[in-house]
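Colleague: Sequence first, predicted model second:
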Amino acid sequence: MDFHQIVGHEDIIKHFKSSIETGRVGHAYILCGEENSGRSSLAFSFAKTLECDNGGLDPCNTCPSCIKADTGNHPDIITVQHEKPNLISVDEIREQVVQTMDVRPYNGKYKIYIIGDAQLMNDAAQNALLKTIEEPPAYGVVILITNSLEKLLPTILSRCITLSLKPVKERDMQEYLISHYRLDEAKARFCVEYAQGNLGKAIMLATNEDYEALVHSVIRLEKEIFQMDIEEVEEAIEACAKYKMNIGEYLDLMMMWYRDILMLKVTGKPDKIIFREEYSALREHANYLSYNELEDKARAIENAKVRLNANARLEDVMRLLIMTLKEK
(Lines give C-alpha, C1' and ligand atoms only; values in the text may rest on other atoms or scores of the structure.)
Protein backbone atom coordinates (compact mmCIF):
# COMPACT_ATOMS: atom_id res chain seq x y z
CA MET A 1 0.00 0.00 0.00
CA ASP A 2 1.30 3.44 -1.00
CA PHE A 3 0.00 6.91 -0.15
CA HIS A 4 -1.40 7.38 -3.65
CA GLN A 5 -3.51 4.23 -3.29
CA ILE A 6 -5.22 5.45 -0.12
CA VAL A 7 -8.68 6.97 -0.59
CA GLY A 8 -9.19 10.06 1.57
CA HIS A 9 -7.15 11.03 4.66
CA GLU A 10 -5.36 13.72 2.68
CA ASP A 11 -4.58 15.74 5.80
CA ILE A 12 -2.74 12.85 7.46
CA ILE A 13 -0.83 11.99 4.29
CA LYS A 14 0.15 15.65 3.95
CA HIS A 15 1.39 15.65 7.56
CA PHE A 16 3.51 12.54 7.00
CA LYS A 17 5.01 13.85 3.77
CA SER A 18 5.75 17.24 5.31
CA SER A 19 7.57 15.59 8.23
CA ILE A 20 9.70 13.57 5.78
CA GLU A 21 10.43 16.61 3.60
CA THR A 22 11.49 18.79 6.51
CA GLY A 23 13.37 16.03 8.31
CA ARG A 24 11.13 16.38 11.37
CA VAL A 25 9.82 12.84 11.67
CA GLY A 26 8.33 12.27 15.12
CA HIS A 27 9.32 9.42 17.38
CA ALA A 28 5.78 8.45 18.39
CA TYR A 29 2.46 8.69 16.54
CA ILE A 30 -1.11 7.69 17.31
CA LEU A 31 -3.46 6.91 14.44
CA CYS A 32 -6.97 6.96 15.87
CA GLY A 33 -10.05 5.80 14.01
CA GLU A 34 -12.57 2.99 13.85
CA GLU A 35 -11.68 -0.46 12.57
CA ASN A 36 -11.22 -0.74 8.78
CA SER A 37 -11.00 3.04 8.42
CA GLY A 38 -7.50 2.97 6.89
CA ARG A 39 -5.30 3.26 9.96
CA SER A 40 -3.05 0.32 9.11
CA SER A 41 -2.72 1.39 5.47
CA LEU A 42 -1.55 4.83 6.59
CA ALA A 43 0.90 3.37 9.12
CA PHE A 44 2.48 0.92 6.69
CA SER A 45 2.60 3.47 3.86
CA PHE A 46 4.44 5.88 6.16
CA ALA A 47 6.82 3.15 7.33
CA LYS A 48 7.51 1.99 3.78
CA THR A 49 8.20 5.55 2.64
CA LEU A 50 10.55 6.21 5.55
CA GLU A 51 12.56 3.10 4.75
CA CYS A 52 12.67 3.55 0.97
CA ASP A 53 16.29 3.61 -0.25
CA ASN A 54 15.54 6.55 -2.57
CA GLY A 55 14.45 8.81 0.29
CA GLY A 56 11.53 10.47 -1.53
CA LEU A 57 8.09 11.56 -0.38
CA ASP A 58 6.64 8.41 -1.94
CA PRO A 59 8.17 4.94 -1.99
CA CYS A 60 9.82 3.93 -5.27
CA ASN A 61 8.44 0.37 -5.08
CA THR A 62 11.52 -1.03 -6.81
CA CYS A 63 14.36 -0.80 -4.27
CA PRO A 64 15.18 -3.78 -2.00
CA SER A 65 13.66 -1.95 0.98
CA CYS A 66 10.31 -1.39 -0.75
CA ILE A 67 10.20 -4.99 -1.95
CA LYS A 68 10.86 -6.27 1.57
CA ALA A 69 8.18 -3.95 2.97
CA ASP A 70 5.63 -5.14 0.41
CA THR A 71 6.28 -8.79 1.27
CA GLY A 72 6.19 -8.17 5.03
CA ASN A 73 9.86 -9.09 5.41
CA HIS A 74 11.48 -5.76 6.22
CA PRO A 75 13.59 -6.30 9.35
CA ASP A 76 13.21 -2.68 10.46
CA ILE A 77 9.39 -2.54 10.22
CA ILE A 78 8.20 -4.50 13.24
CA THR A 79 4.55 -5.30 13.88
CA VAL A 80 3.96 -6.06 17.56
CA GLN A 81 2.16 -9.36 18.11
CA HIS A 82 0.06 -10.46 21.10
CA GLU A 83 -1.24 -13.88 22.09
CA LYS A 84 -4.44 -12.98 23.93
CA PRO A 85 -7.15 -11.42 21.74
CA ASN A 86 -8.09 -8.74 24.27
CA LEU A 87 -4.74 -7.91 25.86
CA ILE A 88 -1.29 -6.64 24.97
CA SER A 89 0.80 -7.49 28.02
CA VAL A 90 3.78 -5.75 29.56
CA ASP A 91 5.98 -8.75 28.70
CA GLU A 92 5.03 -8.49 25.02
CA ILE A 93 5.88 -4.79 24.94
CA ARG A 94 9.16 -5.35 26.76
CA GLU A 95 10.25 -8.29 24.60
CA GLN A 96 9.20 -6.89 21.23
CA VAL A 97 9.81 -3.15 21.69
CA VAL A 98 11.70 -2.04 24.80
CA GLN A 99 14.45 -4.67 24.70
CA THR A 100 15.02 -4.43 20.94
CA MET A 101 14.84 -0.67 20.37
CA ASP A 102 18.53 -0.20 21.22
CA VAL A 103 19.57 -2.56 18.43
CA ARG A 104 20.32 -0.33 15.46
CA PRO A 105 18.39 -0.75 12.19
CA TYR A 106 19.60 -3.58 10.00
CA ASN A 107 19.02 -1.91 6.63
CA GLY A 108 17.15 1.36 6.88
CA LYS A 109 17.49 4.77 8.41
CA TYR A 110 14.70 4.05 10.90
CA LYS A 111 13.51 1.26 13.14
CA ILE A 112 9.72 1.39 13.10
CA TYR A 113 7.35 -0.36 15.49
CA ILE A 114 3.65 -0.62 14.63
CA ILE A 115 1.34 -1.53 17.53
CA GLY A 116 -2.15 -2.39 16.33
CA ASP A 117 -5.11 -2.27 18.73
CA ALA A 118 -2.96 -0.22 21.10
CA GLN A 119 -5.97 0.31 23.37
CA LEU A 120 -5.48 -3.33 24.44
CA MET A 121 -2.23 -2.48 26.26
CA ASN A 122 -2.72 -2.67 30.01
CA ASP A 123 -1.33 0.09 32.22
CA ALA A 124 1.88 -1.82 32.87
CA ALA A 125 2.47 -2.28 29.14
CA GLN A 126 1.81 1.40 28.48
CA ASN A 127 4.17 2.46 31.25
CA ALA A 128 6.89 0.18 29.86
CA LEU A 129 6.38 1.72 26.43
CA LEU A 130 6.42 5.22 27.93
CA LYS A 131 10.04 4.90 28.99
CA THR A 132 10.96 4.05 25.40
CA ILE A 133 9.10 6.91 23.73
CA GLU A 134 10.33 9.41 26.32
CA GLU A 135 13.98 8.86 25.39
CA PRO A 136 14.04 7.05 22.04
CA PRO A 137 17.15 6.66 19.88
CA ALA A 138 17.27 8.96 16.86
CA TYR A 139 16.21 6.15 14.53
CA GLY A 140 13.24 4.94 16.62
CA VAL A 141 9.63 5.46 15.49
CA VAL A 142 6.59 3.98 17.26
CA ILE A 143 3.14 4.07 15.62
CA LEU A 144 0.13 3.24 17.79
CA ILE A 145 -3.09 2.26 16.04
CA THR A 146 -6.21 2.59 18.17
CA ASN A 147 -9.95 3.10 18.11
CA SER A 148 -10.06 4.70 21.57
CA LEU A 149 -7.85 7.50 22.83
CA GLU A 150 -9.63 7.24 26.19
CA LYS A 151 -7.97 3.90 26.87
CA LEU A 152 -4.46 5.30 26.50
CA LEU A 153 -2.74 6.88 29.50
CA PRO A 154 -2.47 10.68 29.51
CA THR A 155 1.31 10.32 29.71
CA ILE A 156 1.29 8.32 26.46
CA LEU A 157 -0.99 10.82 24.74
CA SER A 158 1.18 13.76 25.79
CA ARG A 159 4.28 12.27 24.15
CA CYS A 160 2.71 11.24 20.85
CA ILE A 161 1.57 13.09 17.75
CA THR A 162 -2.12 12.18 17.50
CA LEU A 163 -3.68 11.96 14.04
CA SER A 164 -7.41 11.23 13.98
CA LEU A 165 -8.95 9.76 10.84
CA LYS A 166 -11.94 11.55 9.34
CA PRO A 167 -14.74 9.95 7.29
CA VAL A 168 -13.91 9.53 3.61
CA LYS A 169 -16.09 11.60 1.28
CA GLU A 170 -19.04 9.66 -0.10
CA ARG A 171 -18.27 10.68 -3.68
CA ASP A 172 -14.69 9.38 -3.43
CA MET A 173 -15.85 6.11 -1.90
CA GLN A 174 -18.51 5.55 -4.54
CA GLU A 175 -16.11 6.23 -7.41
CA TYR A 176 -13.58 3.84 -5.88
CA LEU A 177 -16.10 1.01 -5.46
CA ILE A 178 -17.45 1.38 -9.00
CA SER A 179 -14.00 1.53 -10.62
CA HIS A 180 -12.28 -1.16 -8.54
CA TYR A 181 -15.10 -3.62 -7.86
CA ARG A 182 -17.36 -3.09 -10.87
CA LEU A 183 -20.41 -2.33 -8.74
CA ASP A 184 -23.50 -0.76 -10.22
CA GLU A 185 -24.42 2.64 -8.81
CA ALA A 186 -27.26 1.35 -6.61
CA LYS A 187 -25.09 -1.28 -4.90
CA ALA A 188 -22.21 1.18 -4.53
CA ARG A 189 -24.54 3.78 -3.01
CA PHE A 190 -25.87 1.33 -0.43
CA CYS A 191 -22.34 0.23 0.53
CA VAL A 192 -21.23 3.85 0.87
CA GLU A 193 -24.22 4.98 2.92
CA TYR A 194 -23.96 1.94 5.16
CA ALA A 195 -20.22 2.49 5.74
CA GLN A 196 -20.66 6.09 6.94
CA GLY A 197 -17.25 7.23 5.71
CA ASN A 198 -15.41 3.96 6.45
CA LEU A 199 -14.07 2.65 3.13
CA GLY A 200 -13.02 -0.67 4.65
CA LYS A 201 -16.61 -1.36 5.71
CA ALA A 202 -17.88 -0.48 2.25
CA ILE A 203 -15.37 -2.84 0.62
CA MET A 204 -16.30 -5.65 3.00
CA LEU A 205 -19.97 -5.28 2.12
CA ALA A 206 -19.16 -5.10 -1.58
CA THR A 207 -16.90 -8.14 -1.70
CA ASN A 208 -17.80 -10.46 1.18
CA GLU A 209 -20.83 -12.71 0.72
CA ASP A 210 -20.91 -13.49 4.44
CA TYR A 211 -21.04 -9.79 5.20
CA GLU A 212 -23.90 -9.31 2.77
CA ALA A 213 -25.70 -12.21 4.44
CA LEU A 214 -25.28 -10.40 7.77
CA VAL A 215 -27.05 -7.34 6.33
CA HIS A 216 -29.95 -9.43 5.06
CA SER A 217 -30.18 -11.19 8.43
CA VAL A 218 -30.64 -7.85 10.18
CA ILE A 219 -33.23 -6.69 7.65
CA ARG A 220 -35.21 -9.91 8.05
CA LEU A 221 -35.13 -9.63 11.84
CA GLU A 222 -36.26 -6.01 11.89
CA LYS A 223 -39.06 -6.54 9.38
CA GLU A 224 -40.52 -9.48 11.33
CA ILE A 225 -39.70 -8.51 14.90
CA PHE A 226 -43.17 -7.35 15.95
CA GLN A 227 -44.81 -10.57 14.71
CA MET A 228 -42.28 -12.98 16.25
CA ASP A 229 -43.37 -15.55 18.81
CA ILE A 230 -41.01 -16.97 21.45
CA GLU A 231 -39.82 -19.80 19.21
CA GLU A 232 -39.02 -17.37 16.40
CA VAL A 233 -37.16 -15.11 18.84
CA GLU A 234 -34.95 -18.05 19.83
CA GLU A 235 -34.29 -18.80 16.15
CA ALA A 236 -33.30 -15.16 15.65
CA ILE A 237 -30.90 -15.38 18.59
CA GLU A 238 -29.28 -18.46 17.04
CA ALA A 239 -28.94 -16.53 13.78
CA CYS A 240 -27.23 -13.68 15.64
CA ALA A 241 -24.77 -16.13 17.20
CA LYS A 242 -23.54 -17.05 13.71
CA TYR A 243 -22.24 -13.50 13.39
CA LYS A 244 -20.48 -13.42 16.75
CA MET A 245 -17.24 -12.08 15.26
CA ASN A 246 -19.20 -9.27 13.58
CA ILE A 247 -21.78 -8.60 16.26
CA GLY A 248 -20.72 -4.95 16.48
CA GLU A 249 -21.59 -4.52 12.81
CA TYR A 250 -24.84 -6.40 13.38
CA LEU A 251 -25.85 -3.94 16.10
CA ASP A 252 -24.77 -0.97 13.97
CA LEU A 253 -27.07 -2.17 11.20
CA MET A 254 -29.93 -2.49 13.67
CA MET A 255 -29.28 1.10 14.72
CA MET A 256 -29.36 2.20 11.08
CA TRP A 257 -32.79 0.60 10.68
CA TYR A 258 -34.22 2.81 13.42
CA ARG A 259 -32.29 5.79 12.08
CA ASP A 260 -34.10 5.25 8.76
CA ILE A 261 -37.45 5.10 10.54
CA LEU A 262 -36.67 8.34 12.33
CA MET A 263 -35.62 9.96 9.05
CA LEU A 264 -38.92 8.98 7.45
CA LYS A 265 -40.88 10.37 10.39
CA VAL A 266 -39.02 13.68 10.22
CA THR A 267 -38.82 14.21 6.45
CA GLY A 268 -41.33 11.80 4.93
CA LYS A 269 -38.85 11.36 2.07
CA PRO A 270 -37.24 8.05 1.04
CA ASP A 271 -34.15 9.65 -0.54
CA LYS A 272 -32.48 10.11 2.87
CA ILE A 273 -32.76 6.52 4.06
CA ILE A 274 -30.16 3.76 3.69
CA PHE A 275 -32.47 0.73 3.33
CA ARG A 276 -34.37 2.19 0.38
CA GLU A 277 -35.50 -1.20 -0.90
CA GLU A 278 -37.28 -1.69 2.44
CA TYR A 279 -39.22 1.56 2.20
CA SER A 280 -42.64 -0.05 2.70
CA ALA A 281 -41.63 -1.81 5.92
CA LEU A 282 -39.87 1.28 7.23
CA ARG A 283 -42.88 3.45 6.40
CA GLU A 284 -45.18 1.04 8.25
CA HIS A 285 -42.94 1.06 11.33
CA ALA A 286 -42.68 4.85 11.19
CA ASN A 287 -46.46 5.12 11.33
CA TYR A 288 -46.84 3.39 14.70
CA LEU A 289 -43.53 4.01 16.49
CA SER A 290 -43.29 7.27 18.40
CA TYR A 291 -40.16 9.39 18.76
CA ASN A 292 -39.82 8.26 22.37
CA GLU A 293 -40.11 4.61 21.37
CA LEU A 294 -37.40 5.06 18.72
CA GLU A 295 -35.17 6.69 21.31
CA ASP A 296 -35.76 3.77 23.69
CA LYS A 297 -34.83 1.26 20.98
CA ALA A 298 -31.64 3.12 20.11
CA ARG A 299 -30.73 3.20 23.79
CA ALA A 300 -31.36 -0.54 24.07
CA ILE A 301 -28.92 -1.21 21.22
CA GLU A 302 -26.27 0.98 22.85
CA ASN A 303 -26.80 -0.86 26.15
CA ALA A 304 -26.34 -4.18 24.34
CA LYS A 305 -22.98 -2.97 23.03
CA VAL A 306 -21.91 -2.03 26.54
CA ARG A 307 -22.88 -5.46 27.89
CA LEU A 308 -21.04 -7.27 25.10
CA ASN A 309 -17.93 -5.17 25.70
CA ALA A 310 -18.17 -6.27 29.33
CA ASN A 311 -18.05 -9.90 28.10
CA ALA A 312 -21.68 -10.69 28.82
CA ARG A 313 -22.98 -13.85 27.13
CA LEU A 314 -24.01 -12.98 23.57
CA GLU A 315 -27.19 -15.08 23.60
CA ASP A 316 -28.40 -13.43 26.82
CA VAL A 317 -27.63 -9.94 25.53
CA MET A 318 -29.41 -10.51 22.23
CA ARG A 319 -32.42 -12.14 23.89
CA LEU A 320 -32.91 -9.09 26.14
CA LEU A 321 -32.36 -6.76 23.20
CA ILE A 322 -34.80 -8.46 20.86
CA MET A 323 -37.49 -8.66 23.54
CA THR A 324 -36.98 -4.95 24.24
CA LEU A 325 -37.17 -4.06 20.56
CA LYS A 326 -40.41 -6.05 20.20
CA GLU A 327 -42.15 -3.72 22.62
CA LYS A 328 -44.35 -1.04 21.09
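Modeller: Received, thanks.
Colleague: alpha carbons only for contacts and neighbour counts from here, please
Modeller: Will do.
Colleague: which residues does the residue nearest the centre of the chain contact?
Modeller: Nearest to the geometric centre of the chain sits E35, at 1.0 Å (Cα atoms, centre = their mean). Contact analysis of E35 by Cα atoms under 8 Å, 6 or more residues apart in numbering lists N147.
Colleague: Please report phi then psi for it.
Modeller: Main-chain torsions, E35, degrees, to the nearest 10: phi -60, psi 140.
Colleague: so after the helix or strand hosting I219, what's the next helix or strand?
Modeller: Secondary structure from DSSP states H and E places I219 in helix 209-224. Toward the C-terminal end, the helix or strand that comes next after helix 209-224 (DSSP H and E) is helix 230-241.
Colleague: and the nearest residue to P105 once chain neighbours are set aside, how many residues sit next to it?
Modeller: Of all residues not flanking P105 in the chain, K111 sits nearest, at 5.4 Å (Cα to Cα, 6 or more residues apart in numbering). Residues lying near K111 (other Cα atoms under 10 Å) number 26.
Colleague: Quick check: the gap between K111 and D102.
Modeller: Per Cα to Cα, to the nearest Å, K111 is found 10 Å from D102.
Colleague: Over to D76?
Modeller: Distance, D76 to D102, by Cα to Cα: 12 Å.
Colleague: How about V218?
Modeller: Counting by Cα to Cα, the gap from V218 to D102 is 51 Å.
Colleague: E232 too?
Modeller: The gap separating E232 from D102 is 60 Å, by Cα to Cα.
Colleague: rewinding a little: anything in contact with each of K111 and D102?
Modeller: Here K111 and D102 have no joint contacts, going by Cα under 8 Å, 6+ apart.
Colleague: For stretch 55-64, buried residues please.
Modeller: Residues L57, D58, P59, C60, N61 are the ones in stretch 55-64 that count as buried (16 or more other Cα atoms under 10 Å).
Colleague: For the fourth one, give me its contacts.
Modeller: Right, C60. Counting by Cα under 8 Å, 6+ apart, C60 has contacts C52, N54, C66.
Colleague: Give me the buried subset of these.
Modeller: Burial by neighbour count, 16+ other Cα under 10 Å: within these this picks out C52, N54, C66.
Colleague: Okay, and which of the residues you listed map to helices?
Modeller: Using DSSP state H, the members of the buried ones among the contacts of C60 that fall within helices are C66.
Colleague: Tell me which of V218 and D102 has more neighbours.
Modeller: Set V218 next to D102 and count neighbours by other Cα under 10 Å: V218 wins out with 20 against 14.
Colleague: so the more buried one touches M254, yeah?
Modeller: Yes: contact criterion Cα atoms under 8 Å: V218 and M254 qualify, at 6.4 Å.
Colleague: quick check: domain ranges of this structure?
Modeller: Using automatic domain parsing, the domain ranges for the chain come out as 3-164, 208-326.
Colleague: sorry, back to before: and the residue nearest to P105, what pLDDT?
Modeller: pLDDT, K111: 92.
Colleague: which ones are touching it?
Modeller: Here K111 is in contact with D76, I77, I78, M101, R104, P105, Y139, G140, V141 (Cα under 8 Å, 6+ apart).
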